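Engineer: 3D, please:
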Amino acid sequence: MRAYEVILHEHSWAALAATRGSETQRLLARLDEVKAMPFRKGDFQQSDTTGRVNEVVLLGDWLVTYWSDHAVAQIHVVNLERVED
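Structural biologist: Below is the predicted model of the structure:
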């Protein structure tokens, strides 16, 4: 299987930019988990405004919303949301 590339959309970049220090490293590790399993089904699915089905997975303290474009080996992360206790 060829290596996938993770593409962060605007809201995802903003969430990543708001993290600091070790939290940034933990979030990047979560994105690596998504990258390692591009065919993974999420904990649930959510349709976006275009009707595309996005996978939503809880990884540690983060909800990661993404869709995979297998034709070009890209994972589009459209939202990152920190889950509070």
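Engineer: can you pull out the helices in this structure?
Structural biologist: 10-17, 22-36 (DSSP state H).
Engineer: Would you mind giving me the confidence score for residue 2?
Structural biologist: pLDDT for residue 2: 81.
Engineer: Kindly state which of the helices of the chain is positioned closest to residue 79.
Structural biologist: Ranking the helices of the chain by distance to residue 79, with CB to CB as the measure, places helix 10-17 first at 5.0 Å. To be clear about C-beta, it is placed using only N, CA and C from the backbone, and glycine gets the same treatment.
Engineer: Please name every helix or strand in contact with that closest one.
Structural biologist: The contact analysis (3 or more CB pairs under 8 Å, 6 or more residues apart in numbering; DSSP states H and E) places helix 10-17 against helix 22-36, strand 74-82.
Engineer: report the angle between the axes of the shortest one and helix 22-36?
Structural biologist: Pointing back at strand 74-82 there. Between strand 74-82 and helix 22-36, the angle comes out at 140 degrees (axes from the mean of the first three to the mean of the last three CA atoms, to 10 degrees).
Engineer: What are the contacting residues of strand 74-82?
Structural biologist: Applying CB atoms under 8 Å, 6 or more residues apart in numbering, the external contacts of strand 74-82 come out as 4-9, 11-12, 15-16, 27, 31, 34-35, 38, 48, 54, 61-69.
Engineer: Can you flag the buried ones in the residues you listed?
Structural biologist: 4, 6, 8, 12, 15-16, 27, 31, 34, 38, 54, 62-68 (16 or more other CB atoms under 10 Å).
Engineer: just for the protein, where's the confidence low?
Structural biologist: Scanning the chain with the threshold set as pLDDT under 70 gives 1, 85.
Engineer: hmm, 90 instead?
Structural biologist: 1-2, 60-61, 84-85 (pLDDT under 90).
Engineer: can I get the helices and strands packed on helix 10-17 in JSON lines with distance to residue 43?
Structural biologist: Output for the helices and strands packed on helix 10-17, formatted as JSON lines (distance: least, CB to CB, whole Å):
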{"stretch": "helix 22-36", "distance to residue 43": "12"}
{"stretch": "strand 74-82", "distance to residue 43": "13"}
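Engineer: Done for today, thanks.
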